[in-house]
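**Q** Return atomic coordinates for the entry below.
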Amino acid sequence: MLMDIHQRDDLPFPSSLPEFQRLFPNDAACAAYLEKARWRKGFLCPNCGTIGEPYRFAKRPGVLRCRECNCDTRLTAGTVMERSHTPLNIWFWAAYLVTSQTPGMSAVQFQRQLGLRRYETAFQILHKLRAGMVRPDQDRIGGKPGEHVEVDETYVGGRTRGKGRGVHDKILVASAVEVRQRKPGTKLNKRKGGRYAGRVRLAVVPDRSTKSLCGFVEGSVVPNTMIVTDDWGSYADLTKRGYKHLAVAERGDPRVAEEHLPIIHLVFSNLKTWLRGTHHGVSHQHLQAYLNEFTFRFNRWLYPFNSFRSLLGIAGDANAPTYNELYSGKWEHPTCFG
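**A** Model prediction:
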């Protein structure tokens, strides 16, 4: 008997792979979950709008046929699993591993855990899941009373031998992070003045121009939010674009940075450690996908089961790359601002 997850809002996230496999032991269990997740009030035909019990096929468990118009609907349509020949239970295990492993997994580790023959299959599944980490209707951060948003940019990249010091071959990444205040009297209130990170946004930007940096802010942060930045001139237009703006003159002094922009520098430090430690560096082509994964983990670490559901693209439409798109370079990884 399958456990009805949707009628168990208090159901904890499985703490181990064996526990997860008891919930989803085979493709039939995964298909039943997908169907209930997509149509909680019963199957709704996307073609004619009829609600009712569909025809089912023993040899095609992932296909439902409307009794009214005879239109076939695939359970994986509109999810990151669409057009995939990989079994459903592998997809579910993959999503579980991605959401349950705190530091994440490299494609090599992923291949071993899932028992996949080809590295390319593991690589593609991971990137399809990363595509599900950015919602098309993702809301902007900030906008809450008593909070502000820190914005800054940093260069991400590896060594540049023979080119001297500088930012050769490195990629510019912009970030915005909500800064919240702990309640007075709590044990952690003494750390960083009681400030801690809320939600974060990260995106590759082409340069440090006003168009790039202010464009990133407009796509990531709710207007009328207090934005705290360093005194780089490209941020000066923020007030004209409907934001409250405080520019802090760092002048390379780490003490000033720690005082006025401590949270975003902590985010950058964690990001670079994660990229080096888990993925051992990433290519320019796919960096945005890894930024999306870091953002997804950072913003949802307290809600693993919701992460699992959204990662499979169940909650809404999710566009994911095909094998050819990934390896040809034609695929553009989604960002928080289009």
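**Q** Which strands or helices does the lengthiest helix in the chain pack on?
**A** The longest helix of the chain (DSSP state H) is helix 262-278. Applying 3 or more Cβ pairs under 8 Å, 6 or more residues apart in numbering; DSSP states H and E, we find helix 262-278 packed against strand 148-156, strand 171-181, strand 195-204, helix 287-300. Glycine gets a C-beta too; all of them are placed from N, C-alpha and C.
**Q** what ranges do the strands span in this structure?
**A** Using DSSP state E, the strands found in the chain span residues 55-57, 60-65, 72-74, 148-156, 171-181, 195-204, 226-230, 244-248.
**Q** Need the contact partners of the longest helix of the chain.
**A** Helix 262-278 is contacted from outside by 103-106, 150-152, 154, 156, 173, 175-177, 179, 192-193, 195-197, 200, 202, 257-258, 281-282, 290-291, 294, 298, using Cβ atoms under 8 Å, 6 or more residues apart in numbering.
**Q** how many other residues sit next to residue 332?
**A** Using other Cβ atoms under 10 Å, residue 332 has 10 neighbouring residues.
**Q** likewise residue 34?
**A** Counted with other Cβ under 10 Å, residue 34 comes out at 21.
**Q** do residue 211 as well
**A** The number of residues packed near residue 211 is 12, by other Cβ under 10 Å.
**Q** got a pLDDT number for it?
**A** pLDDT recorded at residue 211 is 96.
**Q** swap in residue 67?
**A** Residue 67 is given a pLDDT of 95.
**Q** and what of residue 267?
**A** Per the predicted model, pLDDT is 94 at residue 267.
**Q** I'd like the distance between it and residue 173.
**A** 10 Å (Cβ to Cβ, to the nearest Å).
**Q** Equivalent analysis for residue 273, please.
**A** In terms of Cβ to Cβ, residue 273 sits 14 Å off from residue 173.
**Q** tell me the helices in the stretch 1-150 of the chain, going along the chain?
**A** 17-23, 27-38, 88-100, 107-114, 119-131 (DSSP state H, counting those that start in this stretch).
**Q** Go through the first one and flag the buried ones.
**A** Under the neighbour-count criterion of 16 or more other Cβ atoms under 10 Å, helix 17-23 has 20, 21, 23 buried.
**Q** Reformat those into a markdown table and put distance to residue 49 and pLDDT next to each item.
**A** Shown next, in a markdown table, are the buried residues of helix 17-23 (distance: Cβ to Cβ, whole Å; pLDDT from 0 to 100):
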| residue | distance to residue 49 | pLDDT |
| --- | --- | --- |
| 20 | 35 | 84 |
| 21 | 37 | 80 |
| 23 | 32 | 85 |
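**Q** So between residue 273 and residue 173, which is more surrounded?
**A** residue 173 (22 against 11).
**Q** remind me which residues of the stretch 201-338 of the chain are low pLDDT?
**A** 251-254, 256-258, 279-281, 313-319, 322-323, 326-331, 333-334, 336-338 (pLDDT under 70).
**Q** picking up where we left off before, residues of the longest helix of the chain that come out buried?
**A** 262, 263, 264, 265, 266, 267, 268, 271, 274, 275, 278.
**Q** got TSV for those residues, with distance to residue 228 too?
**A** Compiled in TSV, these are given as follows (distance: Cβ to Cβ, whole Å):
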residue	distance to residue 228
262	10
263	9
264	9
265	12
266	14
267	14
268	15
271	19
274	24
275	25
278	29
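**Q** Looking at the residues you listed, which one is closest to residue 88?
**A** For the buried residues of helix 262-278, the closest approach to residue 88 (Cβ to Cβ) belongs to residue 278, at 26.5 Å.
**Q** Could you measure from the closest one over to residue 218?
**A** Counting by Cβ to Cβ, the gap from residue 278 to residue 218 is 31 Å.
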